[in-house]
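A.B. asks: Here is my input, please return the structure:
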Amino acid sequence: RSAKFNNDATTLVLDFDAQPTNRGAMVGEQACALVLDDETVSLIQGSSASEPTCRWTSDTQLIAQLNVNTDVAPGAVIGLRANTIVPRAASYITCPNALCAHGQVVIAVDSPCDDCPVPTAVVSGPNR
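C.D. replies: Sure, this is the predicted structure:
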């Protein structure tokens, strides 16, 4: 698993391994609380009054929509809600089970997105 921002930092992208998931039984865009733990949902929500929403773009990629008041930053720990995400091929199992996704991933501090824009400093002043 990995967690990173998209290049304009408007979404948090969570990639699971190559094994397709059951998408946490989500359909379309729904509350992130269905698949992410309470601490992560609180970080994503920040000081916003709106509950954060998530959507699956594939069976292995979850997108969390960020707002301007989010508290998610590089180095943040992103946790999964226990007993919700399982391999699609094993959707018959009941959690808790060793196949149920669990745990946390940290957003890398040195590479928080795939192709982050690099800021350029410009210094100007009077000519002498």
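
A.B. asks: Residue 64 versus the closest residue to residue 23 other than its chain neighbours, what's the distance?
C.D. replies: Counting by C-beta to C-beta, 6 or more residues apart in numbering, residue 23 lies nearest to residue 56, which is 4.5 Å off, once chain neighbours are set aside. The way it works is simple: take the backbone N, C-alpha and C, and place the C-beta from them, glycine included. Applying C-beta to C-beta, to the nearest Å, the value for residue 56 to residue 64 is 11 Å.

A.B. asks: returning to that earlier point: give me the number of residues near the residue nearest to residue 23?
C.D. replies: Other residues lying near residue 56 total 21 when counted by other C-beta atoms under 10 Å.

A.B. asks: which element is it on?
C.D. replies: strand 53-58 (DSSP states H and E).

A.B. asks: mind listing what the helix-or-strand element of the chain with minimal mean pLDDT pairs with, with the direction of each?
C.D. replies: Lowest on mean pLDDT, DSSP states H and E among the helices and strands of the chain sits strand 104-106, with a mean of 76. Strand 104-106 sits in its sheet next to strand 77-79 (antiparallel), going by DSSP bridges.

A.B. asks: List the buried residues for the strand it pairs with?
C.D. replies: Applying a neighbour-count criterion of 16 or more other C-beta atoms under 10 Å, the buried positions in strand 77-79 are 78-79.

A.B. asks: Same question for stretch 41-55.
C.D. replies: 41, 43-45, 52-55.

A.B. asks: Straight-line length of it, end to end?
C.D. replies: Start-to-end span of stretch 41-55 (C-alpha to C-alpha, to the nearest Å) is 14 Å.
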